[in-house]
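Q: Generate coordinates for the sequence data below:
(2 chains)
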Amino acid sequence: MSSEKIDRRNFIKRATSAIAAMTATSVLRPDLSFAKTEKGSTLEYRTLGKTGLKVTTVGMGVMNCSDPAVLLRAFDLGINFYDTADCYMWGRNEEMVGKAFQGKRDRVFIQTKVHPKEEKKMRASVERSLHRLRTDYIDVLVWHGHSHPEEVSDPDLYEFMMKMKKEGKVRFTGFSSHSRMASLLREASKQNYHDVALVSYNFTYSKDLKEALALAAKSGIGIVAMKTQSGGYRKEKMGGLNPHQAALKYVLMDQSVSTTVPGVTTVEEIEECAAVMGAPFSKSNVNELKQYHAFLQERICTMCGGCTGECPNEVPYQDFLRVAMYLDGYQNEFLAKEVLAKIDLTGAVEQCSECSSCSVICRRGLDIRSQIQLAQQISA
Amino acid sequence: MFFRNFFIFSALTLTLLGSNSLSKEIAIESLLPKDFPEGWTRISGPQVYTQKTLFEHIDGQAEIFFKYGFQKSVFAIYQNGNNSKDQIELDLYDMGNVLQAFGIFSRFRGEDRTAGVGLESNLGDSSLLFYKGRYFVMLYATEADAVILKKMAMTISSSIPDSSPAPKEIESFPKEGLKPGSIQYYPEGLLGYQFLKRGFQGIYVPKDQDKGKRDDKSETKVEVKGEDIEYYLFLVILKDSKELEDILNTFRDTLSKRGKVDSEASTPLGSKVLKGEDPYRGRILIVPKGNYLVGAAGFKNDKEAEDRLAELIKNMK
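A: The predicted structure is shown next:
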């Protein structure tokens, strides 16, 4: 477990809703073409940026899977890109991947991760990954969980990655991120440090991220999308709605994305995902995603940044949202008060109270007003 | 008689209510040591995470904790006063009940040695995992030191008031041939089959390790993928007899489509068994037993699998 966490959030950029634009022609039709698409009978391949690797558009996020049979099924379905990490199940996940693909190593691409530490420990981590994966090379090694632009351009980290490449332990390198992704992708696009970026991307994300992905892809960075189904397989909790293929198709419409790594745990799930390759995004898929979006609404502020700048009085409501998250989510009043103490809220509370209704609209349907009121209760 | 029953009922009710309210009253952060072991100081936390915020702490891995009934967790970092780089990160998860705590523990543990803490524990080079009652605890040291990890784990374990016993199904698995630390509980998707839902599985090493020797009866036309010689025993937990029938039928259909179903499926375990071959798991044997389905997968020797299953069934209470 990493000790860095709280400031992973707050990726703030002006954006518009992807779901609102979903029915627009420009979204339904792939209008960007940085990754070459080759269609087979059931498989679809794209080039993973400057790596030149021909990857299936549907890969597999192995993280929560513990059964090698699922990996073998994915392999037989033709899927050739697999994402794991040194820390998943504390190494057990890499062990399973290594065991399952023994004798098949030259027919799969394996992506794993390393956490930024001192060089000796990072080197030991890579060696452990190689041992568990039963291989002498890693196809793609990514820094795990970048959240600041300066991390993306850290020369020391870059130097270490270059060493790993020169020593033949790693073929290509990159970074992963769950937050501030647009900023990180823009920063990465300016340099020549990264071959691959692993980022969260699904139909709930902003136009800003979509644009940043296009910029990064244009610069040669291969984009691997995770969290493609925005929460995974919860069919039973959604009244039988099964929007996962639609969600995956939505991501694949974006030609900036080279491959996806939906997290799956069963044979049935990987078959469902694999069937998406080459399949068109239909009108019924639009309806499924609309229903899915409705299901996700009002659940939690994801700090997606989609509402940035929408308050006419320039009330720092996103600080209020952070406070509300600490109060309601973390249940930590101390932390909430600490945030309030650091920011100048003079007048903000009054200004906010004066409005009869809130003009800030959350694309997920979160009641911003009530969140602000929650934060105001402790600032009073 | 009435008074005796009433007394027993009242005592049970009070016990249940008492333990329930006790667990609700405990603030999870109170289970953490403040400054322990000697010379160590808590430098970060306690930070409590809920279902809404766990993702902020462990990103996508939160999903697997949710599947196992995650309630809340607390995180803290301790530092050695003599060496600032010597730190221990501690995560303590409230998983709701002992079954779920065992389940998540079983997904993380390796084949390393036990540490003798909690109901079960696992000591790695620089890590220690254990579960006790409804709690799952992970300790990670930046500098490997098993002694310190054990001391801290012992302290935490002693502060956990939940004395629930380990899930009873664990004891049903035969000991002989069982790979240490291989029993796992899955809340869904047992053996990677979505339709199997929840249950336990354990990995066994065959009596005869020689791959060349193979029971004549198990000859099959289906190519078995993978070369591992280990096999699984598993135990599926069912709601009722209808679910049992549904799962058996689905299993039969799946094997028919993907592999094969043996035409002659009579075994010493009874007549209502399902035997066949799965392309990814190899030989499959399934036997209904009350509200359970027990089975073996990936074995080479039918007789050995039947014997092990018979023992598992015998051990079930």
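Q: from chain B, which residue is nearest to chain A?
A: B:Gly192 (3.3 Å; Cβ to the nearest Cβ). C-beta: built from backbone N, CA, C; applies to glycine.
Q: On the three-state scheme, A:Lys117 is what?
A: For A:Lys117, the assignment made with DSSP: H, G, I helix; E, B strand; the rest coil gives coil.
Q: Next: B:Gln47.
A: strand.
Q: What strand or helix carries the closest residue in space to it that isn't next to it in sequence?
A: Leaving aside its sequence neighbours, B:Gln47 sits nearest to B:Phe75 (Cβ to Cβ, 6 or more residues apart in numbering or on different chains; 4.8 Å). Counting by DSSP states H and E, the element that carries B:Phe75 is strand B:72-80.
Q: still on that earlier bit, the residue nearest to B:Gln47 pairs with what?
A: Partner residues in beta bridges with B:Phe75, using DSSP bridges, are B:Gln47, B:Asp91.
Q: Now for it: which residues touch it?
A: The neighbourhood of B:Phe75, defined by Cβ atoms under 8 Å, 6 or more residues apart in numbering or on different chains, consists of A:Met1, A:Ser3, B:Ser44, B:Gly45, B:Pro46, B:Gln47, B:Tyr49, B:His57, B:Glu89, B:Leu90, B:Asp91, B:Leu92.
Q: Any chance of JSON lines for the residues you listed, columns neighbour count and distance to A:Val142?
A: Shown next, in JSON lines, are these (neighbours: other Cβ atoms under 10 Å in any protein chain shown; distance: Cβ to Cβ, whole Å):
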{"residue": "A:Met1", "neighbour count": "17", "distance to A:Val142": "18"}
{"residue": "A:Ser3", "neighbour count": "16", "distance to A:Val142": "20"}
{"residue": "B:Ser44", "neighbour count": "15", "distance to A:Val142": "26"}
{"residue": "B:Gly45", "neighbour count": "17", "distance to A:Val142": "27"}
{"residue": "B:Pro46", "neighbour count": "20", "distance to A:Val142": "31"}
{"residue": "B:Gln47", "neighbour count": "21", "distance to A:Val142": "26"}
{"residue": "B:Tyr49", "neighbour count": "26", "distance to A:Val142": "25"}
{"residue": "B:His57", "neighbour count": "22", "distance to A:Val142": "20"}
{"residue": "B:Glu89", "neighbour count": "19", "distance to A:Val142": "22"}
{"residue": "B:Leu90", "neighbour count": "27", "distance to A:Val142": "27"}
{"residue": "B:Asp91", "neighbour count": "20", "distance to A:Val142": "23"}
{"residue": "B:Leu92", "neighbour count": "23", "distance to A:Val142": "29"}
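Q: Nearest to A:Asp86, out of these: which one, please.
A: A:Met1 (12.4 Å; Cβ to Cβ).
Q: Does A:Val323 touch A:Leu340 like I think?
A: Yes - contact criterion Cβ atoms under 8 Å: A:Val323 and A:Leu340 qualify, at 5.9 Å.
Q: Which one's more surrounded, the two?
A: A:Val323 (27 against 18; other Cβ atoms under 10 Å in any protein chain shown).
Q: what's the nearest residue to that one if we skip its chain neighbours?
A: Excluding the flanking residues, the one nearest A:Val323 by Cβ to Cβ, 6+ apart is A:Ala375, at 3.8 Å.
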